[in-house]
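Engineer: quick one: sequence plus predicted model below, questions after.
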Amino acid sequence: MEGPSPGNVVNRLHLGQGTQVTPDLEQLAHAHGVATTYENWAGKPVEVSYQEMIARGNVRVRKQGEFFGDADWVSYSELKGVMIFYGTKDNPAEVHRQKGQGIRDEKIQGERIKYFTKTRTFEVEGGTTLSQ
């Protein structure tokens, strides 16, 4: 899977309940191919209520008390419940799963590391879990 163009950081924000979509924000969303509404089966407009984000270029992500990680680029889909860290064979993505105060972190490296938000689990492709 190919990522966004070099040096490009895209935050694809799909807006939902309680969020005001200003004309400027709607124009920006449409310029990046992001839908802010769709038509339901009855033909009525419905606001999209989830977020998708992509960050590129030496990305660091931290989930307080759970993990921190570094990657060439990272994607996140609230709808799918997955965050993916992307690296290469020569420069793998790296995630440190925090086990608790005074306990050594679990170090995970791979070309692709998936974090599933609902189960708080990781899946590694092209890599290893180095320590536990």
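Structural biologist: Structure's in. What do you need?

Engineer: okay, CA-based contacts and neighbour counts for the rest of this
Structural biologist: Noted.

Engineer: adjacent strands (with direction) for the longest strand along the chain?
Structural biologist: Determined from DSSP state E, the single longest strand within the chain is strand 51-63. Using DSSP bridges, strand 51-63 pairs in its sheet with strand 10-13 (antiparallel), strand 67-77 (antiparallel).

Engineer: could you pull out the helices for the protein?
Structural biologist: 23-31 (DSSP state H).

Engineer: got the domain ranges for it?
Structural biologist: Following the assignment in automatic domain parsing, the chain carries domains at 7-49, 53-132.

Engineer: tell me the most buried of these?
Structural biologist: Of all the domains of the chain, domain 53-132 has the most neighbours on average by mean count of other C-alpha atoms under 10 Å, namely a mean of 17.

Engineer: now do it, average pLDDT.
Structural biologist: For domain 53-132, mean pLDDT rounds to 90.

Engineer: chain center to that domain: distance?
Structural biologist: Domain 53-132 has its C-alpha centroid displaced from the chain centroid by 10 Å (C-alpha atoms, centre = their mean, to the nearest Å).

Engineer: would you mind writing the CA trace of the longest strand of the chain as CSV?
Structural biologist: Taking C-alpha atoms only, strand 51-63 is exported to CSV below (Å, rounded to 0.1, in the frame of the first residue of the first chain):
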residue,chain,number,x,y,z
GLN,A,51,-12.3,10.4,11.9
GLU,A,52,-9.5,9.3,9.6
MET,A,53,-6.0,10.7,9.8
ILE,A,54,-2.7,10.3,8.0
ALA,A,55,0.6,11.7,9.2
ARG,A,56,3.8,11.4,7.2
GLY,A,57,7.4,12.1,7.9
ASN,A,58,9.1,11.0,11.1
VAL,A,59,5.8,10.4,13.0
ARG,A,60,5.6,9.9,16.7
VAL,A,61,2.4,8.7,18.4
ARG,A,62,1.7,8.3,22.1
LYS,A,63,-1.3,6.8,23.8
